[in-house]
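Colleague: Kindly generate the corresponding structure for this input.
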Amino acid sequence: MDMRHAVILHPDRRTKRGSPIFRSVSRHHYLYLQLPRLHPTLAPSSFTSSSFSSPPKPIVRHTVQSRTFRTFTYSTTNANMAPIPSTMTAIRIPHTGGPEVLSQDTVPLPTLKEGEILVRNALAGVNFIDTYFRTGLYPVPPSHFPLTLGREAAGTIAAVHPSVSDLKEGDRVVFMGTVGAYANYSAVPAAQAVRVPDALSLDKAAAVWLQGLTAWTFVREAGEVKSGEWVLVHAAAGGVGGLLVQMLAAVGARVIATAGSDEKCQVARRYGAGWVLNSRREDLADEVLRITQGHGVDVVFDGVGKATFDFDLIVAARKARVLSFGNASGAVPPVDILRLGAKNIKLARPVVNNYVATREELETYGKELLDMVTAGKVQVPIHKIYDLADSASAHRDLEGRKTVGKLLIKTE
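Modeller: This next block holds a predicted model:
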């Protein structure tokens, strides 16, 4: 959809059939409309849905040499784009619960607000945070139900609010935020969307965006990882874990990876981990200390949560940074801060949004990430692409820790 300003001349008895009475000021594009000869006014209702995807809204009325003009904001549908419907399909939850509460509903298309774009989603990413909102681990105000799940997607811009100037209809974009991405369309703040390079497919963009920004900003800012440091990554065959291993190996860290099966350990090794350990072995802490010759690890990346937190403090080196960023096994219980003093451990619970809060940060880290993927420096394995109607299966597979790589939902 192309938002433009137009000047429209009221028809009168001297208007000739087929004469140009509609002119786009911004692009000098002429449309020939057949209007009623004696129609006293030209109102938004005069336009049909075949001409406009939404009725034009009058802004200013002008009179020039006894002829009346009105300036309108209007939107036309690009001939190369599919028509924009009035309703769409979305996966929503009426209340918290298990995967069975996910419901496929028909809902109205979102209305664009100032600064927003309408994205026709192609693929939405499935992340643990989606399950946290679904279960109620992350509280949702009652007024927000029914809640459309999904916090990242990639697709094509279908419409742009007139206040947006740096993105246009037809641009391929990827985004994340509180937007409800398990749906055919999402209204997205333009400040949260980034163009996808031509050389990168939308499935790769959707698969890497949230988890890739999480991993990259945590390596760069939360962990401040240096070449030669010992680093431990839990769940190293998963979405964030696998990206962390690749990025840490690229910056020269000595990476110890844990995973829940021998098969997943082999995946972590292919990602570049120098040492891989089955997380189910009983002597795990002793093995980490043996590998590091008693030093311990300088940085811990823990997306597992409750089940691994005490272990993290055991294997942490003096002045280590322990980053707890996930709750796959449950939330970490309240921590006695005095436990950190024994080794001067720095404990953080980083959130990616706070590292890409400004447009400059998002563009900088986003470009670095997408450039790494486009150049083949970071591989983005996709476990499976689910149909929108099968979103509950995606949640079950993710929570069952049965997956290797990214889960996507086809939203078209």
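
Colleague: Determine the number of other residues adjacent to the residue nearest to Arg151 when sequence neighbours are not counted.
Modeller: Leaving aside its sequence neighbours, Arg151 sits nearest to Met176 (C-beta to C-beta, 6 or more residues apart in numbering; 5.5 Å). (Glycine included, C-beta is placed from N, CA and C.) Neighbour count of Met176, defined by other C-beta atoms under 10 Å: 27.

Colleague: Quick check, Met176 in contact with Gln192.
Modeller: Yes - using C-beta atoms under 8 Å, Met176 is in contact with Gln192, at 6.7 Å.

Colleague: re earlier: show the contacting residues for the residue nearest to Arg151.
Modeller: By C-beta atoms under 8 Å, 6 or more residues apart in numbering, Met176 lies in contact with Arg151, Glu152, Gln192, Trp209, Leu210, Leu213.

Colleague: Just give me how far stretch 108-122 sits from the chain centre.
Modeller: Taking C-alpha atoms, centre = their mean, to the nearest Å, one finds stretch 108-122 lying 14 Å from the centre of the chain it belongs to.

Colleague: That stretch: end-to-end distance?
Modeller: 18 Å (C-alpha to C-alpha, to the nearest Å).

Colleague: Any buried residues in it, and which?
Modeller: Buried residues in stretch 108-122, defined by neighbour count with 16 or more other C-beta atoms under 10 Å: Leu109, Pro110, Leu112, Glu116, Ile117, Leu118, Val119, Arg120, Asn121, Ala122.

Colleague: which SSE is Leu323 in?
Modeller: Assessed by DSSP states H and E, Leu323 sits inside strand 316-324.

Colleague: Could you tell me which other helices and strands that strand packs against?
Modeller: With contacts taken as 3 or more C-beta pairs under 8 Å, 6 or more residues apart in numbering; DSSP states H and E, strand 316-324 sits against strand 297-302, helix 309-315, strand 346-348.

Colleague: Apart from its chain neighbours, what residue comes closest to Lys367?
Modeller: Val194 (7.9 Å).

Colleague: for the helix or strand hosting that neighbour, what is the average pLDDT?
Modeller: Using DSSP H and E, Val194 falls within strand 193-195. What strand 193-195 shows for mean pLDDT is 97.

Colleague: List the contacts of that strand.
Modeller: Applying C-beta under 8 Å, 6+ apart, the set of residues contacting strand 193-195 is 117, 119, 157, 167, 171-175, 362-363, 366-367, 370.

Colleague: returning to what we had before: from the contacts of Met176, which land in helices?
Modeller: Using DSSP state H, the members of the contacts of Met176 that fall in helices are Trp209, Leu210, Leu213.

Colleague: Specify which member of those is nearest to Ile385.
Modeller: Nearest to Ile385 among those is Trp209, at 15.4 Å by C-beta to C-beta.

Colleague: In contact with the closest one, which residues?
Modeller: Per C-beta under 8 Å, 6+ apart, neighbours of Trp209: Gly125, Glu152, Ala154, Val174, Phe175, Met176, Gly366, Leu369.

Colleague: Apply 7 Å and report the result again.
Modeller: Neighbouring residues of Trp209 by C-beta atoms under 7 Å, 6 or more residues apart in numbering: Gly125, Glu152, Val174, Met176.

Colleague: how near is it to Val119?
Modeller: Distance, Trp209 to Val119, by C-beta to C-beta, to the nearest Å: 13 Å.

Colleague: what does Ala215 give?
Modeller: To Val119, Ala215 is 24 Å away according to C-beta to C-beta.

Colleague: Please spell out which residues along stretch 394-410 are buried.
Modeller: Of all the residues in stretch 394-410, those buried under the rule 16+ other C-beta under 10 Å are 394-395, 397-399, 401, 403-410.

Colleague: Name whatever forms a beta bridge with the closest residue to Ala236 other than its chain neighbours.
Modeller: Once flanking residues are discounted, Ala236 sits nearest to Ala257: 3.4 Å by C-beta to C-beta, 6+ apart. Ala257 has these beta-bridge partners by DSSP bridges: Val233, Val276.

Colleague: got the contact list for Ala257?
Modeller: Counting by C-beta under 7 Å, 6+ apart, Ala257 makes contact with Val233, Ala236, Val245, Ala268, Ala273, Val276.
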